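Colleague: Any chance you could fold what I've pasted below:
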Amino acid sequence: MLKKITALLFASLMLASLTACSADPNMKVTVMTPGAENEEKPSGEEEPHGLLISPGPARDTEDAETGESEPADVLLVSAQYPEMVRNVSSGDYIKPNGTFDDAAYEEDRAAWSEYWSMQFEKGTGLSEKLAAFNEKLGDFLAGAGTENRVFSPVSMYMALAILAEAAEGETREEILSLLGAENIEDARDTASRLFLSTYVDNGEYLADNAASLWLKQGLSVDEDVLQKIAESYFASVYQGDPEDPAYLKALQDWLNEKTGGMLKDAVDNVNMDPEMVLSIATTVYFRGKWQYPFSAEYNETLTFHGAAGDTEAEFMTKETDDLYCFYDHFGAVRLSFSGGAGMWLILPDEGYTPEEIAKEADFIKCIGGEYDESHEKYCIINMKVPKFDVSSDLDMCDTLKGLGIEKAFLRDGADFTGLIREEMPVWLSEVKHAARCTIDEEGCTATAFTLEMLCGAAMPDGTVDFTLDRPFLFAITNSFGSVLFTGIVNQVPGK
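Modeller: From the prediction side, this is the model:
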């Protein structure tokens, strides 16, 4: 009999009104295991070392009126999230009598300062730790063809790091190599710092990360490893019967809650295989407002020359005095969100595709904030940006194999004994990633993104026409240069 470990990663790309370009971000990792669910142990054989989750009833109790199965108490460990602290605004501290509440203001200001100092400590230098992984962004975006593509590096990194915790030997080493980590401690520290530095609800924008493990009842696991995952990755742990509709509904409800309902269609297609032994889910949800919003009264109807044909689309327009970045094969503008995050819009030169640009080192440097004076200039930018709502639901197995993760997919070669304490083969059989990003005049939401422009390496004059009327790329980054979402827009909705 086959058993499976399934890992689901939904990155909510909040790229409109602040993208969520979730990651599902929708990553589903499945590990399969043949063997021995019903085999009897020889008399006197000791139980495996670790935490043995005892089986519960095959079905939950039915509701007397509806006859439907009600969810069981499946939560084993509840994630302990750090308390978010919002930035202070002096206008919020005016008392009804018109006086200013100095004590409350200073107390909240000190709390905000302490929280920001923690985030600054965790986020500083993180881009260097993620450099090797971010160099592969082009590989994750490859294969779009004429379709849109959305990807959340944060969701993928967290899911792979948790998977590495469950692995051992060469299986773990291959995962760590892709992550650019020296060892599991390094990956764990980087993942924890990534979570803490990107987990934000400061009253101006929201970036909400989450992780969870879904265990099959009766699975024997290493208690210390499970506890380490729960603490280091801020993960909740659940148990249940994969054949129980209530357990599946609990997973779907969790995914919908963590992705703001933006990926409902993808979540509705999530199923639990009867032989599943473990599911891992990671999500990212982003929502933000532009620091300087567009005005709908200035919108124009223009032709978007998409990869699959022309479309009459609604474009947002404005003139802004801002930083324009220019490289050999593309130009880029960063739209700021209130609170520090931003969205890069990257327009390839004529003759270059978004997929080609995504593989260039200059693309990674640009969205990571590593540009320099030789590639930037403040000038008047006439912006014309199409409103869009883009999403993708991807199978990442071949991509990960091409990036060096091979052992994990081998039925007879994978090693997941880092967490699983069962005498049976376990391997990775499926990896899916779903994400969505939307933008409009007010901002962006993501849950895991022409000829009328100056292109190439030439220094722009005083004014730049930046019209995104052909396929382009986007990236949502935080104050420390961490890439929450990135994507390719090959087509936009018609007006």
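Colleague: Would you tell me which strand is longest in this protein?
Modeller: strand 309-326 (DSSP state E).
Colleague: What residues sit buried inside that one?
Modeller: 311, 313-316, 318, 322, 324-326 (16 or more other CB atoms under 10 Å). Where you see a C-beta, it was placed from the backbone N, CA and C, and this is true even at glycine.
Colleague: now stretch 277-285
Modeller: For stretch 277-285, by 16+ other CB under 10 Å, it's 277-285.
Colleague: three-state assignment of Ile380?
Modeller: strand (DSSP: H, G, I helix; E, B strand; the rest coil).
Colleague: Who does it form a beta bridge with?
Modeller: Asp321, Thr463 (DSSP bridges).
Colleague: Distance of it relative to Cys325?
Modeller: Taking CB to CB, to the nearest Å as the measure, Ile380 falls 15 Å from Cys325.
Colleague: that older thread, the buried residues of stretch 277-285: which two are farthest apart?
Modeller: Val277 and Tyr285 (27.6 Å; CB to CB).
Colleague: Identify the single longest helix in the protein, thanks.
Modeller: helix 102-123 (DSSP state H).
Colleague: And for it, what's in contact with it?
Modeller: With contact meaning CB atoms under 8 Å, 6 or more residues apart in numbering, helix 102-123 is reached by 84-88, 90, 93, 192-193, 196-198, 200, 202, 478-480, 482.
Colleague: quick one: which of these sit in helices?
Modeller: Using DSSP H, the contacts of helix 102-123 in helices are 192-193, 196-198.
Colleague: Could I get the full set of helices for the chain?
Modeller: With DSSP H as the criterion, the chain has helices spanning 102-123, 126-129, 131-134, 137-141, 153-166, 169-179, 184-198, 223-232, 245-258, 264-268, 354-358, 361-367, 397-402.
Colleague: So which elements touch the third one?
Modeller: Here helix 131-134 is seen to pack against helix 153-166, helix 169-179 when contacts are counted using 3 or more CB pairs under 8 Å, 6 or more residues apart in numbering; DSSP states H and E.
Colleague: can you rerun that using 10 Å?
Modeller: Secondary-structure packing of helix 131-134 (3 or more CB pairs under 10 Å, 6 or more residues apart in numbering; DSSP states H and E): helix 153-166, helix 169-179, helix 361-367, strand 483-489.
Colleague: In CSV: those, plus distance to Ala235.
Modeller: Conversion of the helices and strands packed on helix 131-134 to CSV gives the following (distance: least, CB to CB, whole Å):
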stretch, distance to Ala235
helix 153-166, 7
helix 169-179, 17
helix 361-367, 28
strand 483-489, 19
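Colleague: Buried deepest among the ones you listed, which one?
Modeller: Looking across the helices and strands packed on helix 131-134 with neighbours counted as mean count of other CB atoms under 10 Å, the highest average goes to strand 483-489: a mean of 31.
Colleague: that older thread, so which of the helices and strands packed on helix 131-134 gets nearest Gln291?
Modeller: strand 483-489 (16.9 Å).
Colleague: now the angle between helix 184-198 and that closest one, please.
Modeller: For strand 483-489 against helix 184-198, the angle by axes from the mean of the first three to the mean of the last three CA atoms, to 10 degrees is 80 degrees.
Colleague: Return strand 483-489 as CSV; C-alpha atoms alone will do.
Modeller: Extracted in CSV, the C-alpha atoms of strand 483-489 (Å, rounded to 0.1, in the frame of the first residue of the first chain):
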residue,chain,number,x,y,z
VAL,A,483,11.3,39.6,-2.6
LEU,A,484,7.8,38.6,-1.4
PHE,A,485,6.4,38.1,-4.9
THR,A,486,7.5,38.3,-8.5
GLY,A,487,5.8,37.5,-11.7
ILE,A,488,5.4,37.9,-15.5
VAL,A,489,2.4,39.7,-17.0
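Colleague: Quick check: neighbours of that strand in the sheet, parallel or antiparallel?
Modeller: Strand 483-489 is paired, per DSSP bridges, with strand 149-151 (antiparallel), strand 472-477 (antiparallel).
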